[in-house]
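A.B. asks: I need the structure of the sequence given here:
(chains A and B)
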Amino acid sequence: MAGTMAGTTAGNVARLVSQRAATPLIYLALVVVWEAAVRFFAVPGWMLPAPSAILAAAADWAPDLWHHSLVTLGESVIGFLLALATSLPLAILIAFTATLRRVLYPVLLGLQSVPKVALAPLVILWLGIGSLPKIVIVILVCFFPILVNAVAGFEAVPRAMLDLMYSMRASRTVIFRRLRIPIALPHLFTGCKVAITFAVIGAVISEFVAAQDGLGYLIMISSAQSRTPLAFAAIILLTLISIVLFYGVELIERRFVTWTP
Amino acid sequence: MKPDALAASPVVAAAIDRTRPSAPVVELKGVTKTFSADSHTVHALGPVDLAIEAGTFVSVVGPSGCGKSTLLRLIAGLETPTQGSLLRGGAALDGPSREVGIVFQDHVLFPWATVLDNVLLPAEVMALPRGQALERARWLLELTGLKDFAGHRPHMLSGGMKQRTAFCRAMLADPKVLLLDEPFAALDALTREELSLELSRLWQDLRRTALLITHSIDEAVLLGDRLILMSQRPGRIRLDVPIDLPRPRDVNTEKHPRFIELRQMAREFLFSPASA
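C.D. replies: As a prediction, the model looks like this:
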């Protein structure tokens, strides 16, 4: 009996380890296959560099990569925060003002369909090539997911909970603070997680159009000069920035939204 | 908890409502309710005439969709009558009142708040003195056996415990009238029975004017002083009889000949084609 139990426990541990380790191991295997294939088929470095070549390029260009990463990160985060700061009050106004909801909300939903990245050249034409137009583009791409989800969140209050509040003659302020905000929070965070991913895309696209720094700019010029390993290093950094920002938002969500199972 | 101990509790001594049984706490005169959506209207209730005296427990039973929940929502002030008048404490009703506590069908607890914070919600909404409210909340949790769960979130509780928490919340601000809207409907049969016996015991101690909406005849007879049977929509009061069973009531009450008689009468009344 004891033997069987110990055996099961050991089996469970092994299964857990293999489950946890599976993803990193697959990544590692892919990198090894990639390295081997490039060497075996003698693929030219400007077409597909080996992982070792990418690592070497990253080491050579470390200070530049660091600088350009900070630029892109800064544009993404500042744009995201500004989008949050503008869309949240607007969402509250829309959710609680019947007129705004009827007049303004359909207009905003219509504008949402405009592919924001297509506006990038125009925004740069209007605002020049500093960091301002890039932040504006990031704001544009982040604004709608946050707005739409926040409005939905403020309206997601179950009827029975409202009845409970009404039955105690709760004021609008109390209902807002004690009921609508907690109900809206998970929805708001959903919007923020979509937006933070869009933010990085928006920043890179605007750097593609016209820029003097940022990872998008670095990818553009290094590709143009056939410095493919450097372009790859920049793309990997960009991916890391996206992942870190996404999990950053998720971490904050876990601090605030502790009740959804 | 014994009644003596109850009276000794500083918070509650003043709270026990020993009003004369003469003045109706709630009075409905020719009340009807019609809901209209787009082109068609639904006549949900009435006309209903009903007077509830202070300190009585009124049980309302009726088939699904007979408007019994509408009746409760009208008395709660969450709906306004289409016709007729509704008086509370002799004055015309002006929306919900803080003197009315409601236990809803689905506990309606806030998932982000602990049991204690859920129970304290009325104190916060009504800006009651914090210390006193806390003392009362703890006392109510003790009374309902939830003392050790004060810090738990609702999702960690069983269905019965959630509904107990909802009961404590409804009682926190010491309401004159307690409205129970099918409070056990979402529970399994065993928990249902356990909770209705517990409610009977609690009510024995707390003595509040109460209105119970239910579709269980047994529950209605076990708990009430008065049994009201309603017809199909539009709901009308078809029968209004006193439940002259001795108190306190317990498991044995269901074996009482009068209990069986009342239950049989209610069944025949509800299931006979004439009343449908």
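
A.B. asks: residue B:254 contacts residue B:218, correct?
C.D. replies: Yes. Contact criterion CB atoms under 8 Å: residue B:254 and residue B:218 qualify, at 6.9 Å. (Glycine included, C-beta is placed from N, CA and C.)

A.B. asks: ok, the nearest residue to residue A:209 once chain neighbours are set aside - contacts?
C.D. replies: Closest residue in space to residue A:209, ignoring its immediate chain neighbours: residue A:120 at 4.8 Å, by CB to CB, 6 or more residues apart in numbering or on different chains. Residues near residue A:120 by CB atoms under 8 Å, 6 or more residues apart in numbering or on different chains: A:133, A:137, A:205-206, A:208-209.

A.B. asks: redo these as TSV? Include distance to residue A:236.
C.D. replies: Below are the contacts of residue A:120 laid out as TSV (distance: CB to CB, whole Å):
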residue	distance to residue A:236
A:133	26
A:137	23
A:205	18
A:206	20
A:208	18
A:209	22
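
A.B. asks: which ones among these map onto helices?
C.D. replies: A:133, A:137, A:205-206, A:208-209 (DSSP state H).

A.B. asks: taking the residues you listed, tell me the two that lie furthest apart.
C.D. replies: Using CB to CB, the ones in helices among the contacts of residue A:120 span at most 12.4 Å, a distance reached by A:133 and A:208.

A.B. asks: neighbour count for those two, which is higher?
C.D. replies: A count of neighbours by other CB atoms under 10 Å in any protein chain shown puts residue A:133 above the other of residue A:133 and residue A:208, at 23 against 16.

A.B. asks: now that one, nearest residue through space, not along the chain?
C.D. replies: residue A:127 (3.9 Å).

A.B. asks: the spatially closest residue to residue B:247 that is not a sequence neighbour: which element?
C.D. replies: Leaving aside its sequence neighbours, residue B:247 sits nearest to residue B:204 (CB to CB, 6+ apart; 6.1 Å). Under the criterion of DSSP states H and E, residue B:204 resides in helix B:189-206.

A.B. asks: the helix or strand that that helix is followed by to helix B:189-206, inter-axis angle?
C.D. replies: Later in the chain than helix B:189-206, the nearest helix or strand by DSSP H and E is strand B:209-214. If you take axes from the mean of the first three to the mean of the last three CA atoms, to 10 degrees, strand B:209-214 sits at 170 degrees to helix B:189-206.

A.B. asks: where does pLDDT dip in chain B?
C.D. replies: Applying pLDDT under 70 to chain B flags residues B:1-23, B:273-276.

A.B. asks: near chain A, which residues of it are found?
C.D. replies: By the rule CB under 8 Å from any CB of the partner chain, the part of chain B lying against chain A is B:73, B:76-78, B:95-98, B:100, B:102, B:104-106, B:108, B:110-112, B:121-122, B:124-126, B:153, B:155, B:173.

A.B. asks: please repeat the previous calculation with a cut-off of 7 Å.
C.D. replies: B:76, B:78, B:96, B:98, B:100, B:102, B:104, B:106, B:108, B:110-112, B:122, B:125-126, B:153, B:155 (CB under 7 Å from any CB of the partner chain).

A.B. asks: buried members of those into ChimeraX, please.
C.D. replies: Selection of the buried residues among the residues of chain B next to chain A in ChimeraX, burial being defined by 16 or more other CB atoms under 10 Å in any protein chain shown:
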select /B:76,78,96,98,100,102,104,106,108,110,112,122,125,153
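
A.B. asks: what separation is there between residue B:236 and residue B:33?
C.D. replies: 12 Å (CB to CB, to the nearest Å).

A.B. asks: any residues in contact with both of these two?
C.D. replies: residue B:46 (CB atoms under 7 Å, 6 or more residues apart in numbering or on different chains).

A.B. asks: and the two? Which one has more around it.
C.D. replies: A direct count of neighbours by other CB under 10 Å for residue B:236 and residue B:33 places residue B:33 higher, at 24 against 19.

A.B. asks: tell me which element the closest residue to residue B:121 other than its chain neighbours is part of?
C.D. replies: Spatial nearest neighbour of residue B:121, excluding adjacent residues (CB to CB, 6+ apart): residue B:169 at 6.0 Å. Assigned by DSSP H and E, residue B:169 falls within helix B:159-172.

A.B. asks: now do residue B:26
C.D. replies: Per DSSP H and E: strand B:24-37 holds residue B:26.

A.B. asks: that strand vs strand B:209-214, what angle?
C.D. replies: Using the same axes, to 10 degrees: strand B:24-37 against strand B:209-214 is 40 degrees.

A.B. asks: counting by contacts, list what the next helix or strand after strand B:24-37 packs against.
C.D. replies: Note on strand B:24-37: by DSSP H and E, the next helix or strand toward the C-terminus is strand B:40-53. If you count contacts as 3 or more CB pairs under 7 Å, 6 or more residues apart in numbering or on different chains; DSSP states H and E, strand B:40-53 packs onto strand B:24-37, helix B:68-76.

A.B. asks: buried deepest among those, which one?
C.D. replies: Ranked by mean neighbour count under mean count of other CB atoms under 10 Å in any protein chain shown, the helices and strands packed on strand B:40-53 are led by helix B:68-76, which reaches a mean of 24.

A.B. asks: so residue 183: helix, strand or coil?
C.D. replies: Going with chain A. helix (DSSP: H, G, I helix; E, B strand; the rest coil).

A.B. asks: actually, chain B is the one I wanted.
C.D. replies: Under the three-state scheme (three-state DSSP), residue B:183 adopts coil.
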